[in-house]
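Chemist: Based on what follows, work out the 3D shape:
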Amino acid sequence: MFTCQTWRRRTSRHWSTWSEAVRRARAIGEEIADRGPLAVRAVKTLVDDALDRPLAEGHEAEIETSVRIFATDDLLEGARSFVEKRPPEYHGR
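Modeler: The predicted model follows:
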């Protein structure tokens, strides 16, 4: 969810050692850390809350959260950095 990547159980079977699994986990963590902090926090909250609410409520919460995130400076920074082909500099605003 945080990295927009999908992988299957068999992917982890290719991680032959514990150190390989740790290396991959750190790489995923670094990738998540490079994302906008407001969006990452929002996704985590939505996923955590999803288990305790009906599907329709979850969809409504997702829409409300998207509206809030779309109104942030970080969203504009992400779009600008993409157009300018540079890494984004998020500030959590």
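
Chemist: Could you list the low-confidence segments of this protein?
Modeler: Scanning the chain with the threshold set as pLDDT under 70 gives 1-16.

Chemist: so where do the helices sit in it?
Modeler: Using DSSP state H, the helices found in the chain span residues 9-13, 18-33, 37-50, 55-70, 73-83.

Chemist: Just put these in JSON lines and tack on distance to His91.
Modeler: In short, each C-beta sits where N, CA and C put it, glycine included. Formatted as JSON lines, the helices of the chain follow (distance: least, Cβ to Cβ, whole Å):
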{"stretch": "helix 9-13", "distance to His91": "34"}
{"stretch": "helix 18-33", "distance to His91": "14"}
{"stretch": "helix 37-50", "distance to His91": "9"}
{"stretch": "helix 55-70", "distance to His91": "14"}
{"stretch": "helix 73-83", "distance to His91": "7"}
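
Chemist: okay if I get these as TSV plus mean neighbour count and distance to Tyr90?
Modeler: Listed next are the helices of the chain as TSV, based on neighbours: other Cβ atoms under 10 Å; distance: least, Cβ to Cβ, whole Å:
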stretch	mean neighbour count	distance to Tyr90
helix 9-13	9	29
helix 18-33	12	10
helix 37-50	15	6
helix 55-70	12	12
helix 73-83	14	5
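
Chemist: For Gly92, which of those helices is the nearest?
Modeler: With distances scored as Cβ to Cβ, the stretch of the helices of the chain nearest to Gly92 is helix 37-50 (4.7 Å).

Chemist: which residues touch that closest one?
Modeler: Residues outside helix 37-50 that contact it (Cβ atoms under 8 Å, 6 or more residues apart in numbering) are 1-2, 32, 58, 61-62, 65, 68-69, 72, 74-75, 90, 92-93.
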